[in-house]
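Colleague: Below is the structure, and that's it, no one-letter string:
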Ligand code: SF4
Ligand code: SF4
């Protein structure tokens, strides 16, 4: 249906003075915003030139903790993989070569690309064997590289403890009841 002339409303452009035509109000307003931000607290962090200030509860790359004898602390109880909402932890348990636990993880892999860094695995672990660290600049050239196996997760432990960035949060320093042989 054609539009009648009475339905058409013509809009006239506003008349601009000399200042508007030279963009002076817009320039002054823009300068005002710039000057205001110069005196406000700075929130932009200059990464990678400067290390960002992470909150104390930051959850980054995982690590598998070692016990006092340097062994992997994990007892292969599967609590972390059961709790993981992203289903990105694969564990293969095997009989432990040590007498103080029944099982240990023969294979322990976390898909760091699939992980959502929720921290549920750390919460679920009964013996503080898995922790999320402050490592955040995780890069890799292939998917395989981002599958962190036991050795890599233990090396993250060594690296973060040596750097002093992530103190061990282990509470008791002992294996928990989850490691005790079933009767
Ligand atoms: S941080 Fe969350 S998503 Fe990542 S492995 Fe742990 S439980 Fe799974
Ligand atoms: S919950 Fe802890 S002890 Fe159990 S399998 Fe996971 S990391 Fe190992």
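Modeller: Ah, there it is. Note that the structure is predicted; figures quoted are calculated from it, not measured. Residues are numbered from 1 along each chain as shown. Ligands and ions are numbered 1, 2, ... in the order given.

Colleague: in what helix or strand does the most centrally placed residue in the chain lie?
Modeller: In the chain, the centroid-proximal residue (CA atoms, centre = their mean) is residue 60; its distance is 3.7 Å. If you go by DSSP states H and E, residue 60 is not part of any helix or strand.

Colleague: pLDDT wise, what is it at?
Modeller: At residue 60, the pLDDT value in this model is 93.

Colleague: just residue 85 next, same as before
Modeller: 97.

Colleague: now residue 152
Modeller: 97.

Colleague: From residue 110, how far off is it?
Modeller: Separation of residue 152 from residue 110 (CB to CB, to the nearest Å): 9 Å. Where C-beta positions appear, they are placed from N, C-alpha and C, glycine not excepted.

Colleague: ditto for residue 2
Modeller: 67 Å.

Colleague: Neighbour count: the two, which is higher?
Modeller: residue 110 (27 against 5; other CB atoms under 10 Å).

Colleague: Now do the phi/psi pair for the more buried one.
Modeller: phi -120, psi 130 (degrees, to the nearest 10).

Colleague: Please determine how far the residue lying closest to residue 137 once chain neighbours are set aside is located from residue 155.
Modeller: What sits nearest to residue 137 in space, not counting adjacent residues and going by CB to CB, 6 or more residues apart in numbering, is residue 48, at 7.5 Å. Applying CB to CB, the value for residue 48 to residue 155 is 22 Å.

Colleague: who has more neighbours, those two?
Modeller: A direct count of neighbours by other CB under 10 Å for residue 48 and residue 155 places residue 155 higher, at 14 against 8.
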